[in-house]
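Novice: A predicted structure for the sequence below; I have some questions about it.
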There are 2 protein chains.
Amino acid sequence: MDPITNAHVLTDDVGFLLSRASGLFVRATNAALLSYGLRVRSYSVLLLACEAAEGVTQRDLAEVLGLDPSQVVLLVDELADSGLVERRPSDSDRRTKLVVATAAGHALRAEAVVEVGAAVSAQLADLTGTEQFLLRDLLGRLVRGNGGAFPA
Amino acid sequence: MDPITNAHVLTDDVGFLLSRASGLFVRATNAALLSYGLRVRSYSVLLLACEAAEGVTQRDLAEVLGLDPSQVVLLVDELADSGLVERRPSDSDRRTKLVVATAAGHALRAEAVVEVGAAVSAQLADLTGTEQFLLRDLLGRLVRGNGGAFPA
DNA sequence: CTCCATCGTTGACATTCTCCACGATATCGG
DNA sequence: CCGATATCGTGGAGAATGTCAACGATGGAG
(Lines give C-alpha, C1' and ligand atoms only; values in the text may rest on other atoms or scores of the structure.)
Protein backbone atom coordinates (compact mmCIF):
# COMPACT_ATOMS: atom_id res chain seq x y z
CA MET A 1 0.00 0.00 0.00
CA ASP A 2 1.55 3.19 -1.14
CA PRO A 3 1.69 5.82 1.57
CA ILE A 4 1.23 8.84 -0.61
CA THR A 5 -0.89 8.32 -3.67
CA ASN A 6 -4.13 8.31 -1.72
CA ALA A 7 -3.69 11.73 -0.22
CA HIS A 8 -7.09 12.60 1.12
CA VAL A 9 -6.91 16.19 -0.06
CA LEU A 10 -5.80 17.56 -3.39
CA THR A 11 -3.38 20.02 -1.85
CA ASP A 12 -1.44 17.09 -0.39
CA ASP A 13 -1.17 15.27 -3.70
CA VAL A 14 2.36 15.07 -5.02
CA GLY A 15 1.23 15.47 -8.60
CA PHE A 16 -0.72 18.60 -7.78
CA LEU A 17 2.11 20.08 -5.75
CA LEU A 18 4.54 19.37 -8.57
CA SER A 19 2.33 21.11 -11.08
CA ARG A 20 1.74 24.03 -8.77
CA ALA A 21 5.39 24.46 -7.84
CA SER A 22 6.42 24.14 -11.45
CA GLY A 23 4.00 26.88 -12.39
CA LEU A 24 5.44 29.19 -9.76
CA PHE A 25 8.98 28.57 -10.96
CA VAL A 26 8.10 29.02 -14.60
CA ARG A 27 6.42 32.34 -13.95
CA ALA A 28 9.29 33.59 -11.82
CA THR A 29 11.80 32.48 -14.41
CA ASN A 30 9.90 34.03 -17.28
CA ALA A 31 9.73 37.29 -15.37
CA ALA A 32 13.48 37.17 -14.81
CA LEU A 33 14.08 36.48 -18.50
CA LEU A 34 11.72 39.16 -19.77
CA SER A 35 14.41 41.79 -20.27
CA TYR A 36 16.53 39.35 -22.24
CA GLY A 37 13.80 38.57 -24.75
CA LEU A 38 13.80 34.96 -23.67
CA ARG A 39 11.23 32.65 -22.09
CA VAL A 40 11.91 29.58 -20.09
CA ARG A 41 11.71 27.33 -23.14
CA SER A 42 14.15 29.17 -25.35
CA TYR A 43 16.35 29.77 -22.35
CA SER A 44 16.54 26.04 -21.76
CA VAL A 45 17.47 25.42 -25.36
CA LEU A 46 20.15 28.09 -25.18
CA LEU A 47 21.62 26.52 -22.06
CA LEU A 48 21.73 23.06 -23.58
CA ALA A 49 23.37 24.47 -26.68
CA CYS A 50 25.94 26.28 -24.56
CA GLU A 51 26.69 23.17 -22.54
CA ALA A 52 27.45 21.04 -25.58
CA ALA A 53 30.63 22.28 -27.20
CA GLU A 54 30.00 20.14 -30.27
CA GLY A 55 26.37 21.14 -30.49
CA VAL A 56 23.15 19.29 -29.76
CA THR A 57 20.85 17.44 -32.07
CA GLN A 58 17.33 18.80 -32.18
CA ARG A 59 16.13 15.31 -31.48
CA ASP A 60 18.19 15.26 -28.31
CA LEU A 61 16.82 18.63 -27.32
CA ALA A 62 13.31 17.34 -27.71
CA GLU A 63 14.01 14.28 -25.57
CA VAL A 64 15.76 16.13 -22.80
CA LEU A 65 13.14 18.86 -22.66
CA GLY A 66 10.25 16.45 -23.04
CA LEU A 67 8.93 18.34 -26.05
CA ASP A 68 7.67 17.35 -29.44
CA PRO A 69 10.38 17.77 -32.08
CA SER A 70 8.17 20.22 -33.92
CA GLN A 71 8.30 22.58 -30.97
CA VAL A 72 12.07 22.47 -30.95
CA VAL A 73 12.14 23.65 -34.54
CA LEU A 74 10.39 26.88 -33.60
CA LEU A 75 12.51 27.43 -30.53
CA VAL A 76 15.73 27.01 -32.48
CA ASP A 77 14.36 29.22 -35.24
CA GLU A 78 13.73 31.93 -32.70
CA LEU A 79 17.17 31.66 -31.14
CA ALA A 80 18.82 31.51 -34.55
CA ASP A 81 16.96 34.62 -35.70
CA SER A 82 18.31 36.36 -32.62
CA GLY A 83 21.81 35.21 -33.46
CA LEU A 84 22.20 33.24 -30.24
CA VAL A 85 22.60 29.84 -31.82
CA GLU A 86 23.22 28.46 -35.27
CA ARG A 87 22.39 25.23 -37.03
CA ARG A 88 25.51 23.46 -38.12
CA PRO A 89 25.46 20.43 -40.40
CA SER A 90 26.77 17.24 -38.90
CA ASP A 91 29.48 15.56 -40.90
CA SER A 92 28.54 12.17 -39.52
CA ASP A 93 24.81 12.35 -40.31
CA ARG A 94 23.49 14.78 -42.87
CA ARG A 95 19.94 14.49 -41.55
CA THR A 96 20.74 16.04 -38.25
CA LYS A 97 21.55 19.68 -37.62
CA LEU A 98 23.70 20.46 -34.63
CA VAL A 99 22.53 23.42 -32.62
CA VAL A 100 25.54 25.38 -31.44
CA ALA A 101 25.60 28.51 -29.33
CA THR A 102 27.25 31.56 -30.87
CA ALA A 103 29.48 33.94 -28.97
CA ALA A 104 26.45 36.17 -28.45
CA GLY A 105 24.57 33.18 -27.14
CA HIS A 106 27.25 32.39 -24.60
CA ALA A 107 27.39 36.01 -23.54
CA LEU A 108 23.64 36.33 -23.10
CA ARG A 109 23.54 33.08 -21.20
CA ALA A 110 26.17 34.33 -18.78
CA GLU A 111 24.01 37.34 -18.00
CA ALA A 112 20.67 35.57 -17.87
CA VAL A 113 21.95 32.82 -15.61
CA VAL A 114 22.48 35.38 -12.87
CA GLU A 115 18.94 36.73 -13.08
CA VAL A 116 17.38 33.30 -13.28
CA GLY A 117 19.51 32.08 -10.42
CA ALA A 118 18.27 34.91 -8.26
CA ALA A 119 14.66 34.19 -9.15
CA VAL A 120 15.03 30.48 -8.43
CA SER A 121 16.84 31.28 -5.23
CA ALA A 122 13.94 33.43 -4.08
CA GLN A 123 11.51 30.61 -4.75
CA LEU A 124 13.66 28.22 -2.73
CA ALA A 125 14.15 30.64 0.13
CA ASP A 126 12.02 28.62 2.53
CA LEU A 127 14.22 25.55 2.21
CA THR A 128 17.63 25.08 3.77
CA GLY A 129 20.62 24.35 1.58
CA THR A 130 20.47 20.70 2.52
CA GLU A 131 16.79 20.52 1.71
CA GLN A 132 17.40 22.14 -1.65
CA PHE A 133 19.98 19.51 -2.50
CA LEU A 134 17.63 16.82 -1.32
CA LEU A 135 14.79 18.16 -3.42
CA ARG A 136 16.99 18.30 -6.48
CA ASP A 137 18.09 14.74 -5.92
CA LEU A 138 14.55 13.45 -5.50
CA LEU A 139 13.30 15.30 -8.55
CA GLY A 140 16.25 14.12 -10.58
CA ARG A 141 15.54 10.52 -9.74
CA LEU A 142 11.87 11.05 -10.52
CA VAL A 143 12.63 12.43 -13.95
CA ARG A 144 15.40 10.03 -14.84
CA GLY A 145 13.42 7.06 -13.61
CA ASN A 146 10.53 7.76 -15.93
CA GLY A 147 10.49 9.33 -19.37
CA GLY A 148 13.37 11.68 -18.70
CA ALA A 149 15.92 10.47 -21.19
CA PHE A 150 19.00 12.42 -20.29
CA PRO A 151 22.37 11.43 -18.85
CA ALA A 152 22.85 10.86 -15.17
CA MET B 1 25.98 31.85 -1.61
CA ASP B 2 23.16 29.60 -2.57
CA PRO B 3 24.28 26.04 -3.20
CA ILE B 4 21.75 25.17 -5.86
CA THR B 5 20.69 27.99 -8.06
CA ASN B 6 23.93 28.03 -9.99
CA ALA B 7 23.71 24.47 -11.15
CA HIS B 8 26.21 24.26 -13.94
CA VAL B 9 23.99 22.14 -16.13
CA LEU B 10 20.34 22.63 -16.98
CA THR B 11 19.42 19.08 -16.07
CA ASP B 12 20.52 19.78 -12.50
CA ASP B 13 18.43 22.92 -12.19
CA VAL B 14 15.60 22.61 -9.71
CA GLY B 15 13.28 24.71 -11.82
CA PHE B 16 13.88 22.58 -14.87
CA LEU B 17 13.46 19.35 -12.94
CA LEU B 18 10.23 20.63 -11.46
CA SER B 19 8.86 21.50 -14.86
CA ARG B 20 9.98 18.20 -16.32
CA ALA B 21 8.60 16.11 -13.47
CA SER B 22 5.37 18.04 -13.51
CA GLY B 23 4.97 17.34 -17.20
CA LEU B 24 5.47 13.63 -16.65
CA PHE B 25 2.87 13.56 -13.89
CA VAL B 26 0.36 15.59 -15.84
CA ARG B 27 0.62 13.31 -18.85
CA ALA B 28 0.33 10.19 -16.74
CA THR B 29 -2.64 11.62 -14.88
CA ASN B 30 -4.38 12.72 -18.05
CA ALA B 31 -3.92 9.24 -19.47
CA ALA B 32 -5.43 7.75 -16.33
CA LEU B 33 -8.38 10.14 -16.52
CA LEU B 34 -9.03 9.64 -20.23
CA SER B 35 -11.74 7.03 -19.76
CA TYR B 36 -13.56 9.27 -17.30
CA GLY B 37 -13.79 12.18 -19.69
CA LEU B 38 -11.71 14.30 -17.35
CA ARG B 39 -8.39 16.05 -17.61
CA VAL B 40 -6.11 16.94 -14.76
CA ARG B 41 -7.57 20.44 -14.49
CA SER B 42 -11.21 19.49 -14.28
CA TYR B 43 -10.26 16.58 -12.05
CA SER B 44 -8.62 19.00 -9.62
CA VAL B 45 -11.70 21.19 -9.58
CA LEU B 46 -13.90 18.16 -8.96
CA LEU B 47 -11.73 17.08 -6.05
CA LEU B 48 -11.79 20.50 -4.45
CA ALA B 49 -15.55 20.64 -4.85
CA CYS B 50 -15.88 17.21 -3.27
CA GLU B 51 -13.65 18.16 -0.38
CA ALA B 52 -15.69 21.22 0.55
CA ALA B 53 -19.06 20.16 1.87
CA GLU B 54 -20.38 23.71 1.70
CA GLY B 55 -18.95 24.28 -1.76
CA VAL B 56 -16.03 26.35 -3.00
CA THR B 57 -15.97 29.82 -4.40
CA GLN B 58 -14.65 30.04 -7.93
CA ARG B 59 -12.28 32.69 -6.70
CA ASP B 60 -10.90 30.25 -4.16
CA LEU B 61 -10.57 27.60 -6.82
CA ALA B 62 -8.55 30.00 -8.95
CA GLU B 63 -6.25 30.84 -6.07
CA VAL B 64 -5.65 27.30 -4.95
CA LEU B 65 -5.07 26.05 -8.47
CA GLY B 66 -3.01 29.06 -9.47
CA LEU B 67 -5.28 29.75 -12.42
CA ASP B 68 -6.91 32.84 -13.83
CA PRO B 69 -10.55 33.10 -12.71
CA SER B 70 -11.66 33.07 -16.32
CA GLN B 71 -10.23 29.58 -16.71
CA VAL B 72 -12.17 28.37 -13.70
CA VAL B 73 -15.39 29.48 -15.36
CA LEU B 74 -14.81 27.12 -18.27
CA LEU B 75 -13.76 24.25 -16.05
CA VAL B 76 -16.84 24.59 -13.87
CA ASP B 77 -19.00 24.94 -16.98
CA GLU B 78 -17.62 21.67 -18.27
CA LEU B 79 -18.15 19.84 -14.99
CA ALA B 80 -21.61 21.31 -14.61
CA ASP B 81 -22.57 20.24 -18.13
CA SER B 82 -21.50 16.73 -17.19
CA GLY B 83 -23.62 16.89 -14.06
CA LEU B 84 -20.67 16.42 -11.74
CA VAL B 85 -20.93 19.75 -9.95
CA GLU B 86 -23.47 22.53 -9.69
CA ARG B 87 -23.30 26.24 -9.03
CA ARG B 88 -25.19 27.16 -5.92
CA PRO B 89 -25.88 30.75 -4.92
CA SER B 90 -24.30 31.86 -1.69
CA ASP B 91 -26.72 33.36 0.80
CA SER B 92 -23.98 35.45 2.35
CA ASP B 93 -22.67 37.00 -0.88
CA ARG B 94 -24.76 37.06 -4.01
CA ARG B 95 -21.76 37.74 -6.20
CA THR B 96 -20.18 34.41 -5.49
CA LYS B 97 -21.40 31.05 -6.71
CA LEU B 98 -20.50 28.03 -4.63
CA VAL B 99 -19.33 25.06 -6.63
CA VAL B 100 -20.71 21.91 -5.06
CA ALA B 101 -20.17 18.33 -6.16
CA THR B 102 -23.27 16.34 -7.04
CA ALA B 103 -23.80 12.72 -6.11
CA ALA B 104 -22.56 11.77 -9.55
CA GLY B 105 -19.52 13.94 -8.96
CA HIS B 106 -18.69 12.18 -5.71
CA ALA B 107 -19.19 8.81 -7.36
CA LEU B 108 -16.97 9.59 -10.32
CA ARG B 109 -14.34 11.01 -8.02
CA ALA B 110 -14.27 7.80 -6.00
CA GLU B 111 -13.56 5.83 -9.15
CA ALA B 112 -11.10 8.22 -10.71
CA VAL B 113 -9.06 8.58 -7.54
CA VAL B 114 -8.09 4.93 -7.79
CA GLU B 115 -6.85 5.24 -11.34
CA VAL B 116 -5.01 8.46 -10.68
CA GLY B 117 -3.49 7.04 -7.53
CA ALA B 118 -2.13 4.11 -9.50
CA ALA B 119 -0.66 6.40 -12.14
CA VAL B 120 0.98 8.63 -9.55
CA SER B 121 2.24 5.61 -7.70
CA ALA B 122 3.91 4.35 -10.85
CA GLN B 123 5.65 7.67 -11.33
CA LEU B 124 6.90 7.59 -7.74
CA ALA B 125 8.03 3.99 -7.93
CA ASP B 126 11.71 4.88 -7.77
CA LEU B 127 11.35 6.60 -4.40
CA THR B 128 10.93 4.91 -1.06
CA GLY B 129 7.89 5.66 1.05
CA THR B 130 9.93 7.92 3.28
CA GLU B 131 11.31 9.78 0.30
CA GLN B 132 7.83 10.25 -1.09
CA PHE B 133 6.69 11.82 2.15
CA LEU B 134 9.78 13.98 2.19
CA LEU B 135 9.20 15.13 -1.36
CA ARG B 136 5.62 16.00 -0.59
CA ASP B 137 6.69 18.00 2.43
CA LEU B 138 9.33 19.93 0.53
CA LEU B 139 6.98 20.69 -2.35
CA GLY B 140 4.25 21.72 0.03
CA ARG B 141 6.51 24.20 1.75
CA LEU B 142 7.69 25.48 -1.60
CA VAL B 143 4.16 26.13 -2.77
CA ARG B 144 2.82 27.47 0.49
CA GLY B 145 5.84 29.68 0.96
CA ASN B 146 5.31 31.47 -2.32
CA GLY B 147 2.13 32.22 -4.20
CA GLY B 148 0.32 29.11 -3.08
CA ALA B 149 -2.59 30.58 -1.19
CA PHE B 150 -4.18 27.56 0.37
CA PRO B 151 -4.46 26.38 3.97
CA ALA B 152 -1.64 24.56 5.69
C1' DC C 1 19.14 -1.60 -54.77
C1' DT C 2 15.14 -1.96 -51.74
C1' DC C 3 12.74 -1.54 -47.57
C1' DC C 4 12.35 0.57 -43.40
C1' DA C 5 13.72 3.76 -39.61
C1' DT C 6 15.16 8.39 -38.25
C1' DC C 7 15.72 13.63 -38.51
C1' DG C 8 14.00 18.04 -39.34
C1' DT C 9 10.16 20.45 -40.88
C1' DT C 10 5.41 21.93 -41.76
C1' DG C 11 0.59 22.16 -40.89
C1' DA C 12 -3.53 21.65 -38.31
C1' DC C 13 -5.99 21.58 -34.13
C1' DA C 14 -6.97 21.58 -29.14
C1' DT C 15 -5.61 23.18 -24.72
C1' DT C 16 -3.69 26.46 -21.74
C1' DC C 17 -1.95 31.17 -20.28
C1' DT C 18 -2.41 36.13 -19.81
C1' DC C 19 -4.81 40.37 -19.98
C1' DC C 20 -8.49 43.46 -20.34
C1' DA C 21 -13.26 44.85 -19.75
C1' DC C 22 -17.92 44.48 -18.21
C1' DG C 23 -22.23 43.94 -15.13
C1' DA C 24 -23.60 42.71 -10.64
C1' DT C 25 -22.82 42.95 -5.95
C1' DA C 26 -20.34 44.17 -1.61
C1' DT C 27 -17.94 47.29 1.47
C1' DC C 28 -16.28 51.31 3.29
C1' DG C 29 -16.22 56.49 4.25
C1' DG C 30 -18.85 60.05 5.04
C1' DC D 1 -28.49 56.82 2.99
C1' DC D 2 -25.01 57.77 -0.77
C1' DG D 3 -21.11 57.59 -3.40
C1' DA D 4 -16.39 55.82 -4.35
C1' DT D 5 -13.93 51.72 -4.55
C1' DA D 6 -13.17 46.83 -4.53
C1' DT D 7 -14.52 42.04 -5.54
C1' DC D 8 -16.88 38.07 -8.04
C1' DG D 9 -18.12 35.80 -12.12
C1' DT D 10 -18.06 36.12 -16.98
C1' DG D 11 -16.68 37.00 -21.77
C1' DG D 12 -13.29 37.82 -25.35
C1' DA D 13 -8.73 38.33 -27.60
C1' DG D 14 -4.15 36.86 -28.56
C1' DA D 15 -0.04 34.42 -27.44
C1' DA D 16 2.05 30.26 -25.94
C1' DT D 17 1.99 25.33 -25.51
C1' DG D 18 0.64 20.50 -26.35
C1' DT D 19 -0.51 16.81 -29.62
C1' DC D 20 -0.75 14.51 -33.76
C1' DA D 21 -0.15 13.40 -38.71
C1' DA D 22 2.40 13.78 -42.78
C1' DC D 23 6.36 14.78 -45.88
C1' DG D 24 11.21 15.06 -48.08
C1' DA D 25 15.86 13.87 -47.12
C1' DT D 26 19.03 10.79 -45.34
C1' DG D 27 20.86 6.53 -43.01
C1' DG D 28 21.16 1.60 -42.31
C1' DA D 29 19.98 -3.39 -42.88
C1' DG D 30 19.55 -7.02 -45.86
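Specialist: Arrived safely, thanks for sending.

Novice: tell me the pLDDT at the most centrally placed residue in chain A?
Specialist: Central residue of chain A (Cα atoms, centre = their mean): residue A:44, 4.1 Å from the mean position. Per-residue confidence (pLDDT) for residue A:44: 97.

Novice: go on, residue A:147?
Specialist: In this model, residue A:147 is scored at 66, pLDDT.

Novice: Residue A:110 now?
Specialist: Residue A:110 carries a pLDDT value of 96.

Novice: do the same with residue A:53
Specialist: 89.

Novice: Residue numbers of chain A in contact with DNA strand C?
Specialist: A:23, A:26-27, A:30, A:57-59, A:62, A:69-70, A:72-73, A:76-77, A:87, A:93, A:95-97 (Cβ under 7 Å from any atom of the strand). All C-beta atoms are positioned from the backbone trio N, CA, C, and that covers glycine.

Novice: circling back to that earlier point, can you give me every residue that contacts the residue nearest to the centre of chain A?
Specialist: With contact taken as Cβ atoms under 8 Å, 6 or more residues apart in numbering or on different chains, residue A:44 is in contact with A:65, B:10, B:16.

Novice: got CSV for those residues, with secondary structure and pLDDT too?
Specialist: Conversion of the contacts of residue A:44 to CSV gives the following (DSSP: H, G, I helix; E, B strand; the rest coil; pLDDT from 0 to 100):
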residue, secondary structure, pLDDT
A:65, helix, 96
B:10, helix, 89
B:16, helix, 96
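
Novice: and of the residues you listed, the nearest to DNA strand C?
Specialist: Taking Cβ to the nearest atom of the strand as the measure, DNA strand C lies nearest residue A:65 of the contacts of residue A:44, at 12.1 Å.

Novice: The host helix or strand of residue A:50: what's the following helix or strand?
Specialist: In this structure, residue A:50 is located in helix A:40-51 according to DSSP states H and E. Later in the chain than helix A:40-51, the nearest helix or strand by DSSP H and E is strand A:56-57.

Novice: does any bit of that next one sit next to DNA strand D?
Specialist: No - using Cβ under 7 Å from any atom of the strand, strand A:56-57 stays clear of DNA strand D, with a minimum separation of 12.3 Å.

Novice: can you give me how far that strand is from the chain middle?
Specialist: 15 Å (Cα atoms, centre = their mean, to the nearest Å).

Novice: Next one: residue A:68 from DNA strand D, what distance?
Specialist: The gap separating residue A:68 from DNA strand D is 4 Å, by Cβ to the nearest atom of the strand, to the nearest Å.

Novice: ditto for residue A:97
Specialist: For residue A:97, the distance to DNA strand D - Cβ to the nearest atom of the strand - is 11 Å.

Novice: Over to residue A:55?
Specialist: Where DNA strand D is concerned, residue A:55 sits at a distance of 16 Å (Cβ to the nearest atom of the strand).
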